[in-house]
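[1] Coordinates only, no sequence provided:
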């Protein structure tokens, strides 16, 4: 089973409010990733966990937080949503940096 | 920062035809090129990776890599309506660990 699950599939948030997105995988992958995808743009890596080590991209360092309480779960947290956070958020996992398996995404709309 | 450019942005081919997609990296320090495909309502799914010069064939899909020009192409023969999707090229660099850099994608439409 190469399924990556994401919840919720759709999220409506208000400006200034927090947002928490959840991802899970049962493949025992050591690495989990979060990407942001806007229309007509490339998926943009926000951060990834290798085991318990969090790596955040420099240009989004302060905008997103994440936690990985165990090997299977990973969350993406936005402390105060802005209009610019409206996007598709894709979670992926891989083993030792090999093929990345993606979830179906969470579509976030901030109003 | 590395950039990955894909062309064309959109492509329409008849059923049974050949679709050709292109991708170029700006960074010579690459390790692998990946092709991913995303159908509507789903996440991207890996099609194939290539790291050696020349062709790599998997079924109806053939990837061709030219390391000197940092260019990879994907050719889909006997295109089917089910091949209609958004195709992403992604590059893994030697010094980037497990990270991939994605291109903006090519939207392929196969007309019945």
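    The structure has been received and is ready for your questions. Note that the coordinates shown come from a computational prediction; the quantities given were computed from them, not determined experimentally. Numbering: from 1, shown residues only, chains lettered A, B, ... in the order given.

[2] Kindly report the residues of chain B close to chain A.
    With C-beta under 8 Å from any C-beta of the partner chain as the criterion, chain B meets chain A at residues B:4, B:34, B:36, B:41-46, B:49, B:88, B:92, B:97-105. Bear in mind the C-beta positions are built from the backbone N, C-alpha and C, glycine included.

[3] Among those, the buried ones, what's the PyMOL command?
    Buried subset of the residues of chain B next to chain A, written as a PyMOL selection, criterion 16 or more other C-beta atoms under 10 Å in any protein chain shown:
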select buried, chain B and resi 4+34+36+43+44+46+49+88+92+98+99+100+101+102+103+104+105
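
[4] Counting only strands, which of the residues of chain B next to chain A make the cut?
    Using DSSP state E, B:4, B:34, B:36, B:45-46, B:49, B:88, B:92, B:101-102 are the members of the residues of chain B next to chain A that sit in strands.

[5] As a markdown table, these with pLDDT would be great.
    Converted to a markdown table, these look like this (pLDDT from 0 to 100):
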| residue | pLDDT |
| --- | --- |
| B:4 | 94 |
| B:34 | 95 |
| B:36 | 97 |
| B:45 | 96 |
| B:46 | 95 |
| B:49 | 94 |
| B:88 | 97 |
| B:92 | 88 |
| B:101 | 92 |
| B:102 | 95 |
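
[6] Using TSV, lay out the residues you listed together with distance to residue A:35.
    Below are these laid out as TSV (distance: C-beta to C-beta, whole Å):
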residue	distance to residue A:35
B:4	14
B:34	14
B:36	11
B:45	14
B:46	14
B:49	18
B:88	11
B:92	14
B:101	11
B:102	8
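
[7] Pick the one among these closest to residue A:97.
    residue B:92 (7.3 Å; C-beta to C-beta).

[8] Can you name the residues bridging to the closest one?
    The partner list for residue B:92 in beta bridges (DSSP bridges) reads residue B:32.

[9] again, but for residue A:32
    residue A:49, residue A:93.

[10] I'd like the distance between it and chain B.
    Residue A:32 sits 10 Å away from chain B, going by C-beta to the nearest C-beta, to the nearest Å.
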